[in-house]
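**Student:** Structural data only, the sequence is not supplied:
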């Protein structure tokens, strides 16, 4: 079915295809059920026909294909140029001979006019000249010269002229006439005039055709003195005609003598000498006036000639419409066209329609585009390639991608050669319609045909292929682009390399990266990061280490985590220490040795569970004359503690204490590290020592101690720590509060210890009293208040709430009242928190435990849509 995006108007406008009447007032777009993956063109309902039914895309396609059907000559010419472009010279000669072409001056001129590729045109010109029974004329030579001139291949044209006498087919052509025309068209009027003088000296003369080619070339090069002389020569020989008059008018316009030009044309008209070229001359003056922004004057003068009836103004009307459109007066151009069609039965040439259609397309005035296309069809105006491309763009903009794609696939039937714009529209529309594979095939074909739709369009399709995991197609697309000398953006390369790396094809990504290096194209920092991660995934840390150095050579700065990851992976390979030291050596040779460089390697070795090697790097830094900084000492200490080398950590710490006064950060690192190593006893002693030395431990020290002590169920010490914190005037953090509530939910032991400790001290009004009551409620020892608003308020008075707190509050409610738990879930969202895996799992677990299976399954589905998976214990309830 067709999908359309045509906007409905207040007054329905009927579209006419094959006699069917398509009312746009019946079109109502249907919004997508889920957001589309891009912004291009959505799907829409098919167009409904009044009283006839639903119009199928194939009906519209058939209608336009019938209109597009080209004369057989056009298809034959397309075949000629395909042969010339695709086959080697000998094979091309044989293939052309097999076509039995009706060689004549007219046919050769038509073929040369049809061609777009200069080299293929020259090949055909050469082949035709070598065929028995055909000889090139001045007209075919002139056409070839103009092709070379338009392509600005002047040096090639001059070589051609210099070798002219050696050509086999030259004896049939007036030798000097051709040379004069050739040099004139090549922009060398001085040589053309010298040859003309030589001809006259030998008693030879140019014919009318060559005279006018020379005259026009002199005008183009602004040789006005020579121009006047040649005009006199033409007149003396009685060769002046409508072409002469047109060139003279063109000369007046070029010199800005518009009054003289108008007077000249008026005099010609009065004398009855304008002929069929009168409209062309009027058009030249209209164009000159419009270029000088004198539109009103141009309009009046055009109207005066219309009233006089002395000349046919069809050509001038076409120029007037074109200039109005170019000046941004599109509505005026359309109004003029409609008035002349009604009053004078004026029918523009196909080029006139094209300029209107293309501008209307740019302004998204799709209904008016369709009206003009239908006018052309009804007036039996055969469309050219510009029209066909505009039709493709129209159907894409209208969202009728089925029609556009079918016309594109049938292009060989009517000689359609898509241009860059229609390729771009078709690719983007197919992508917007979700047809990534079709968009890929069209993009690939456009590149093969020499059309690059732009880096943005290329990147969009490449990104889509990458997202969909179609890396082979993406690779093929990039290779085709490179073969056609189109360079995709660095971003596209980066995304492709990254996609290969994450697909465990880092070797392919590395090969592409090496190719980019050869053409001095620097990959982004993110691309290097992804390549390094890709090789790490493959346990190829040797390549990752090489890329880490290359990344820095390209001016990028690696992160600490990237260094750490590469070093850790090196220790998973054979001869790890040797590889580690080699990387350190290369790094130091590429960069001035600093504490930061050594710190990266100390940290990496520590994470790789190699504290001995980390200490070697620490001592190496000292020996090189670089004093370790505080970060170096902290990293070294963490290296020992994370690997549970407690004795070494304590010795290192005491050694630092002997050398100097140890600061707060090192003390905090020691306490936190001991807690994480499950040595809370030593951590407590260290905390006591820190306080005795007049320093204040960080809040994180208390948090890790509370966590470690709760894990070991040493709740009495926990209560003392909380009291110590309060005595220092500090507040319980969210982390500490959440830890206490978590253990209160698990058992009543924490509350018992808390109660007995406070009772023994006779504390009845301590700031921690409310916290104790909260622990009692969570452990079930105090009467539970089911109003979560009340609980939320109590918690807020003890410590700041976060999502973890709400998760535990939710867990508490699922044990007693699921309806309240569901209400709290909604409350969590209202407060701006995004539920995480534990939030969903707690709710699902509670629903299953309470026998609300169907409701639980619905939440499992939502959980899955969010990308979360139930925990093991919840899965046991599900299955």
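**Tutor:** That came in fine, so what should we check first? Note that the structure is predicted; figures quoted are calculated from it, not measured. Numbering: from 1, shown residues only.
**Student:** next SSE after the helix or strand hosting residue 437?
**Tutor:** Using DSSP states H and E, residue 437 falls within helix 436-448. Later in the chain than helix 436-448, the nearest helix or strand by DSSP H and E is helix 455-467.
**Student:** Quick one: mean pLDDT for that following helix?
**Tutor:** Helix 455-467 shows a mean pLDDT of 85.
**Student:** and that helix, which residues are buried?
**Tutor:** Buried residues in helix 455-467, counted by 16 or more other C-beta atoms under 10 Å: 455, 457, 458, 459, 460, 461, 462, 463, 464, 465, 466. Every residue, glycine included, has its C-beta placed from N, CA and C.
**Student:** Spit out the contact partners of the fourth one.
**Tutor:** Taking C-beta atoms under 8 Å, 6 or more residues apart in numbering, we find residue 459 in contact with 488, 489, 491, 492, 495.
**Student:** So, low pLDDT: which residues of the stretch 1-150 of the chain?
**Tutor:** Applying pLDDT under 70 to the stretch 1-150 of the chain picks out residues 1-55, 70-73.
**Student:** now the helices: where do they sit in it?
**Tutor:** 57-68, 72-86, 89-98, 105-114, 118-129, 138-150 (DSSP state H, counting those that start in this stretch).
**Student:** hang on, the earlier thing: the buried residues of helix 455-467 into TSV, with extra columns for distance to residue 731?
**Tutor:** Below are these laid out as TSV (distance: C-beta to C-beta, whole Å):
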residue	distance to residue 731
455	56
457	57
458	57
459	52
460	53
461	56
462	54
463	49
464	52
465	54
466	49
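**Student:** Output the contacting helices and strands for the helix or strand where residue 578 lies.
**Tutor:** Using DSSP H and E, residue 578 sits within helix 576-590. Judged by 3 or more C-beta pairs under 8 Å, 6 or more residues apart in numbering; DSSP states H and E, the packing partners of helix 576-590 are helix 541-553, helix 560-570, helix 595-607, helix 611-623.
**Student:** ranking these by burial, who's on top?
**Tutor:** Neighbour counts (mean count of other C-beta atoms under 10 Å) averaged over each of these peak at helix 595-607, with a mean of 23.
**Student:** so what does it touch, helix or strand wise?
**Tutor:** On a contact count with 3+ C-beta pairs under 8 Å, 6+ apart, helix 595-607 meets helix 560-570, helix 576-590, helix 611-623, helix 630-642.
**Student:** returning to that earlier point: ok, of the buried residues of helix 455-467, which one's closest to residue 499?
**Tutor:** Using C-beta to C-beta, residue 466 comes nearest to residue 499 of these, at 4.2 Å.
**Student:** Contacts only, for that closest one.
**Tutor:** Residue 466 neighbours (C-beta under 8 Å, 6+ apart): 474, 495, 496, 499.
**Student:** since we're on residue 501, how many residues are nearby?
**Tutor:** Counted with other C-beta atoms under 10 Å, residues neighbouring residue 501 total 26.
**Student:** same check, this time on residue 248
**Tutor:** Counted with other C-beta under 10 Å, the neighbours of residue 248 add up to 21.
**Student:** and the strand or helix carrying it, which residues are buried?
**Tutor:** Counting by DSSP H and E, the element that carries residue 248 is helix 242-254. Of all the residues in helix 242-254, those buried under the rule 16+ other C-beta under 10 Å are 242, 243, 244, 245, 246, 247, 248, 249, 250, 251, 252, 253.
**Student:** and for the following helix or strand past it, what are the contacting residues?
**Tutor:** Next helix or strand after helix 242-254 toward the C-terminus (DSSP H and E): helix 258-270. The contact list for helix 258-270, computed with C-beta under 8 Å, 6+ apart, reads 245, 248-249, 252-253, 274, 278, 281-282, 284-285, 288-289, 292, 301, 305, 308, 310-311.
**Student:** tell me the angle of helix 258-270 relative to helix 242-254?
**Tutor:** Per axes from the mean of the first three to the mean of the last three C-alpha atoms, to 10 degrees, the angle that helix 258-270 makes with helix 242-254 is 160 degrees.
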